[in-house]
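In: this one's structure only:
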């Protein structure tokens, strides 16, 4: 019995590694844009149920996406030092188990949106499609980070739909901003594996931009922050937002000082630090509405 319990614990541990529970950065990078949208769409007063549904759904869908990503990249990951020990690639779990985990998590995520309106439920199918599509775009699309930006930002139109039962143009503009943000932070991430990706034939923005990758990251940050500033001006948000915006801009400058070195570890640090950029913007939005 003890041996059986140990086997179960080990299997569950491998599942946890598969869905990156030990690396929450992906979850928060997906969560912050969703929270921005919830606060903008509800004028700072989203129902607690909606906050809980979208927060839990973010964790579940990011986890499902990790499983799908590992299944799609199972033949590539073994050739990359950073990913060669992932549970599927190293043989700790099977491909069928990986798909089973992804399917269960996706179904749980879908169950969460059922209390919401029909438009939000319909959008959840599009979100699932994009999440499945993204890992495969690295084979043929020179800018898969743009697809990642849509996948990681699709909580934005879903949040607007949940609050307003419609999709105003502001939702799509915020999604566009999130695409620029994702290109910025995931290009830094792709710079870590650039040599391996070139060798095995994976396409990334770090390869596509070439020697101009740092310039591209800076431009994407400027466009992203500019879009968020424009949306805030439309809402007449007060100084609390601008304080958060300035902190986010300082974070972006800090990321530039890291990626311009092109050092792998510093590029990875820049990617991880984007959590604080997203958090700063959300704090500014939340405080601006609270003290409006």
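Out: Received the coordinates, thanks. Not measured: the values here are computed from a predicted model.

In: Where does the prediction get shaky in the stretch 101-250 of the chain?
Out: The stretch 101-250 of the chain contains no residues with pLDDT under 70.

In: would you list every one of the strands in it?
Out: With strands called from DSSP state E, counting those that start in this stretch, the stretch 101-250 of the chain shows none.

In: So which elements touch the lengthiest helix in the chain?
Out: In the chain, taking DSSP state H as the definition, the longest helix is helix 264-290. Here helix 264-290 touches helix 25-41, helix 169-192, helix 213-234, helix 239-259, going by 3 or more CB pairs under 8 Å, 6 or more residues apart in numbering; DSSP states H and E. Where C-beta positions appear, they are placed from N, C-alpha and C, glycine not excepted.

In: in terms of contact count, name the helices or strands touching the first one.
Out: For helix 25-41, the contact count by 3+ CB pairs under 8 Å, 6+ apart identifies helix 48-72, helix 144-153, helix 155-164, helix 169-192, helix 264-290 as packing neighbours.

In: on that earlier part again, out of the helices and strands packed on helix 264-290, nearest to residue 61?
Out: Of all the helices and strands packed on helix 264-290, it is helix 25-41 that lies closest to residue 61, at 7.4 Å by CB to CB.

In: what's the first-to-last distance across stretch 226-242?
Out: With CA to CA, to the nearest Å as the measure, the ends of stretch 226-242 fall 12 Å from one another.

In: Can you mark which positions in it are buried?
Out: 227, 228, 229, 231, 232, 235, 237, 238, 240, 241 (16 or more other CB atoms under 10 Å).

In: In a markdown table, list those along with distance to residue 15.
Out: Shown next, in a markdown table, are the buried residues of stretch 226-242 (distance: CB to CB, whole Å):
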| residue | distance to residue 15 |
| --- | --- |
| 227 | 37 |
| 228 | 36 |
| 229 | 41 |
| 231 | 38 |
| 232 | 40 |
| 235 | 42 |
| 237 | 42 |
| 238 | 45 |
| 240 | 41 |
| 241 | 40 |
